[in-house]
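Undergrad: here's my sequence, what's the structure:
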Amino acid sequence: MTYDSLAGSILNFTCNFGFLINKYCNNLDRYNILYIMHDNYSHKEDGIDYVDENIPGPEDQTNEYISLIEKFNSQLAHSCDCNFKCKENYCSCLKISGGSNYTSHIVSQYVEIFKVKEQETGLHCYPIIECSQHCKCSETCGNRVVQNGPIDTLFVTTCEDVSKGLGLFTREFIPKGTFVCEYAGEVITKSEALRRQKFNQTHNKMNYIFCLNEHVNGIVIQTFVDPSLFGNIGRYINHSCESNCVIIPVRVDSPIPKLALFSCVDILANGEITFDYGSSYLTSSKEIISESLNERKICLCRSSNCRGFMPYDVY
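TA: Purely as a prediction, here's the structure:
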């Protein structure tokens, strides 16, 4: 993000997978993963370290942080016994996901691509669980998409509206349903997220913190990702009230989800990649919205459905 929403972004993603979240085992060798993420991007700005996947935030001695590290040092316990490519009726990973996560599209004799499966309620409404290092399927299995890394057509440049700063663009056409990139950075605790948000507000700094809310059997599981100092190419994606990408949580090995961006419409060559920084504020009480109007920033997306202000959500 190159301009901030004051309290970060909150994505309300409703799903039911409580049986899965608690089904993981401790494994201190988690980082010896077999899948290879192909990410050749880098940052041109000083003071920002490039990471292609989420990393744990700064250490502290709170129970909140200890719980976070336990998840980082854990793996999901499921795996499949598929011989080559996973099939919906047999693959245990796909059964957990409620069916196939991606659909196959043959581009040429030698090229096959996979798009996120579109359903009546949108691109995807189940939690996506990709095959892991414990699965017997091949590396070309259609249930291994996000773990392979971002598409290679992205570039960062100054937006046409220079007041927006930098933005993320694509050199080539991106079909609807394509995995674009991950929004990766430091995974931090809620306490650390609130501390950083207050610091950003006080010092008039940009706020990159993304808060994912997952609703599981009446419980809300929150994941906070901050790519401000450690992040990948996704940190440059700007907000739009009429965005062309959505974030879907995807799990690969770890109980901590990846924030995966998928195109929700066709994106033309040289088009800017955008997503909606927040949504729950639209259903907030009028009192909360009224009290925050003096703190909210003007939206610069210039879309036909622009709401006028940047999303304002609370953690």
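Undergrad: element containing the residue most central in space within the chain?
TA: For the chain, the residue nearest the mean C-alpha position is L259 (1.5 Å; CA atoms, centre = their mean). Under the assignment given by DSSP states H and E, the secondary-structure element containing L259 is strand 258-263.
Undergrad: now the stretch 51-200 of the chain, which segments are flagged as low pLDDT?
TA: Along the stretch 51-200 of the chain, the parts satisfying pLDDT under 70 run over 107-111, 119-126.
Undergrad: and the strands in it?
TA: If you assign secondary structure with DSSP state E, counting those that start in this stretch, the strands in the stretch 51-200 of the chain sit at 55-56, 74-76, 102-106, 112-116, 128-129, 154-158, 166-170, 179-182, 185-188.
Undergrad: each with direction, which strands does the last one pair with?
TA: This means strand 185-188. Using DSSP bridges, the strands paired with strand 185-188 in its sheet are strand 55-56 (parallel), strand 219-231 (antiparallel).
Undergrad: hey, which of those is tucked in deepest?
TA: Of all the strands paired with strand 185-188, strand 219-231 carries the top mean neighbour count, a mean of 19, counting by mean count of other CB atoms under 10 Å. C-beta here means a position set from N, CA and C on the backbone, and glycine is covered the same way.
Undergrad: which residues are contacting that strand?
TA: Outside of strand 219-231, the residues that reach it under the criterion CB atoms under 8 Å, 6 or more residues apart in numbering are 8, 18, 21, 43, 47-51, 54-55, 57, 183-190, 192-193, 196, 206-215, 234-235, 249, 256-257, 259, 315.
Undergrad: just checking, what packs against the next helix or strand after that strand?
TA: Next in sequence after strand 219-231, counting helices and strands by DSSP H and E, comes strand 238-239. Where contact means 3 or more CB pairs under 8 Å, 6 or more residues apart in numbering; DSSP states H and E, strand 238-239 is packed against strand 274-275.
Undergrad: can you tell me what sits against the strand it packs on?
TA: For strand 274-275, the external contacting residues (CB under 8 Å, 6+ apart) are 237-240, 243-247, 261, 301.
Undergrad: swap in 10 Å and give it another go.
TA: Outside strand 274-275, the residues that touch it by CB atoms under 10 Å, 6 or more residues apart in numbering are 1, 9, 11, 167-168, 180, 183, 210, 234, 237-247, 259, 261-264, 267, 301, 303.
Undergrad: now do that strand: distance to the chain's middle.
TA: Between the centre of strand 274-275 and the centre of its chain there are 11 Å (CA atoms, centre = their mean, to the nearest Å).
Undergrad: that one - what's its average pLDDT?
TA: The average of the pLDDT scores along strand 274-275 is 96.
Undergrad: what count of nearby residues applies to the closest residue to S100 other than its chain neighbours?
TA: When the adjacent residues along the chain are set aside, S100 lies closest to E88, with 4.9 Å between them (CB to CB, 6 or more residues apart in numbering). Residue neighbour count, defined by other CB atoms under 10 Å, stands at 13 for E88.
Undergrad: return the residues in contact with E88.
TA: By CB under 10 Å, 6+ apart, the neighbours of E88 are 94-95, 97-101, 143.
Undergrad: just the ones of those residues in helices?
TA: By the criterion of DSSP state H, membership of the contacts of E88 in helices covers 94-95.
Undergrad: of the contacts of E88, which is the nearest to L154?
TA: Using CB to CB, N101 comes nearest to L154 of the contacts of E88, at 22.3 Å.
Undergrad: so that closest one is in contact with V250, correct?
TA: Yes. Contact status for N101 versus V250: in contact at 8.2 Å, counting by CB atoms under 10 Å.
Undergrad: now list whatever residues contact both of the two.
TA: The contact sets of N101 and V250 overlap at 116, 124, 127-130, 145-146 (CB under 10 Å, 6+ apart).
Undergrad: need the max-distance pair from those.
TA: Between any two of the shared contacts of N101 and V250 (CB to CB), the greatest distance is 14.5 Å, for P127 and V145.
Undergrad: pull out the buried residues from stretch 150-166.
TA: By 16 or more other CB atoms under 10 Å, the buried positions in stretch 150-166 come out as 150-151, 154, 156, 159, 164, 166.
Undergrad: circling back to that earlier point, mind putting the shared contacts of N101 and V250 into a markdown table with distance to M37 and neighbour count?
TA: Rendered in a markdown table, the data for the shared contacts of N101 and V250 read as follows (distance: CB to CB, whole Å; neighbours: other CB atoms under 10 Å):
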| residue | distance to M37 | neighbour count |
| --- | --- | --- |
| V116 | 18 | 26 |
| H124 | 21 | 24 |
| P127 | 20 | 22 |
| I128 | 16 | 26 |
| I129 | 17 | 24 |
| E130 | 12 | 27 |
| V145 | 11 | 23 |
| V146 | 9 | 26 |
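Undergrad: now stretch 171-178, how far from the centre of its chain.
TA: Between the mean C-alpha point of stretch 171-178 and the mean C-alpha point of its chain there is a distance of 17 Å (CA atoms, centre = their mean).
Undergrad: thanks a lot, see you next time.
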